[in-house]
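Engineer: This is a predicted model, with the sequence first.
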Amino acid sequence: MKATFLCISFLIVKLTFAQLFKSLPQETKYDAAKVIDAYYGITMYEKLNFVIGGDSVRNNKKGYSCQGWLEDTYTSGAIIHKGYYQDGQLKAYKNFYENGTVERNFKIIDFKRCNMQSFYPDGKLKSDITYYEGNPQLWIDYYANGQIEYQEENTKNMENLILRKSFSEDGKPQEVFELIDRKKRIYYKKEYNENSKIEVEGFMRYNSTMNDYQKNGEWKVYDESGNVKKENWVNGEIVTN
């Protein structure tokens, strides 16, 4: 009976360790075609970055949490990743395209802030995000030609969105959404057509119960000739006279 128990216990331990080592990152050479997404780039290391929401830990082949600087490479031998690990979590790192250009760079600014920049294969800045206590406080995305595509700013506690703007590839505004009364959480929104003329504009208010922004107050709607039609909205519903 005792021998049977010991045999079963040994088998359980053996299977547990086999499963553990099976889940460990054994391969450190990567095929560029498989790990670089055409739009998002190299994202496989984000799960190891707890500061921005990652929930995984990297272990070495012995099953211990990785510590210190580590490098991974492409199958060609070029470096894909240089990262500083503490207890299996990334604290700072750079990823690289196979041509050696930096794909993204993550660094700690101070006790509460960190920054993530990502780049196009030609080295131009693609995205620049500053996090405050793990939340994206400042966010700017760029087109490949260098023009700003999207811009967002939030309060440090993420209680209020301060502004959100989007632009076409030639730099023309598409949408502007700005906080004008922080206490009442009132915003002003403008939407533009392809000729950079305003199509609609008006006030919105954040509804914490609905967790949504609702039209509230006067709105103006413009036709192709520039004529304006005024509307009155209350809590997301238009009011007819």
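Structural biologist: Yep, it's here.
Engineer: What number of residues are in the vicinity of the residue lying closest to Thr43 once chain neighbours are set aside?
Structural biologist: The spatially closest residue to Thr43, leaving aside those adjacent along the chain, is Asp37, at 6.5 Å (C-beta to C-beta, 6 or more residues apart in numbering). Every residue, glycine included, has its C-beta placed from N, CA and C. Asp37: 10 surrounding residues under other C-beta atoms under 10 Å.
Engineer: for this structure, what helix or strand is lowest in average pLDDT?
Structural biologist: helix 2-23 (a mean of 39; mean pLDDT, DSSP states H and E).
Engineer: all helices of this structure, in order?
Structural biologist: Counting by DSSP state H, the segments of the chain that form helices are 2-23, 32-35.
Engineer: How much space separates Glu224 from Asp37?
Structural biologist: 40 Å (C-beta to C-beta, to the nearest Å).
Engineer: can you pull the pLDDT of the residue nearest to Lys229 when sequence neighbours are not counted?
Structural biologist: Using C-beta to C-beta, 6+ apart and skipping the chain neighbours, the partner closest in space to Lys229 is Val221 (4.6 Å). Val221 is assigned 96 on the pLDDT scale.
Engineer: same deal with the one 3 residues further on?
Structural biologist: According to the model's per-residue confidence, Glu224 sits at a pLDDT of 88.
Engineer: Check the burial of it by counting its neighbours.
Structural biologist: By other C-beta under 10 Å, the residues close to Glu224 number 9.
Engineer: hmm, back to that, is the residue nearest to Lys229 in a bridge, and if so with what?
Structural biologist: Taking DSSP bridges as the rule, Val221 bridges to Val200, Lys229.
Engineer: show me where pLDDT drops low in this structure?
Structural biologist: Residue ranges of the chain with pLDDT under 70: 1-27, 241.
Engineer: Recalculate using a threshold of 90.
Structural biologist: For the chain, residues meeting the criterion pLDDT under 90 lie at 1-28, 61, 156-159, 194-196, 208-211, 224-226, 240-241.
Engineer: List the contacts of Tyr84.
Structural biologist: Counting by C-beta atoms under 8 Å, 6 or more residues apart in numbering, Tyr84 touches Gly68, Trp69, Leu70, Leu90, Lys91, Ala92, Tyr93.
Engineer: Roughly how far does it sit from Gly100?
Structural biologist: 20 Å.
Engineer: Repeat that for Phe119.
Structural biologist: Counting by C-beta to C-beta - Phe119 and Gly100 are separated by 12 Å.
Engineer: Looking at those two, which is more packed in?
Structural biologist: Phe119 (21 against 9).
Engineer: Surely that one touches Asn99?
Structural biologist: No - counting by C-beta atoms under 8 Å, Phe119 does not reach Asn99; the two are 11.7 Å apart.
Engineer: Quick check: neighbours shared by those two?
Structural biologist: Joint contacts of Phe119 and Asn99 (C-beta under 8 Å, 6+ apart) do not exist.
Engineer: Number of residues surrounding the residue nearest to Lys229?
Structural biologist: 15.
Engineer: give me every residue that touches it.
Structural biologist: Glu199, Val200, Val228, Lys229, Lys230, Glu231.
Engineer: mind listing which of the contacts of Tyr84 are in strands?
Structural biologist: Among the contacts of Tyr84, DSSP state E puts Gly68, Trp69, Leu70, Leu90, Lys91, Ala92, Tyr93 in strands.
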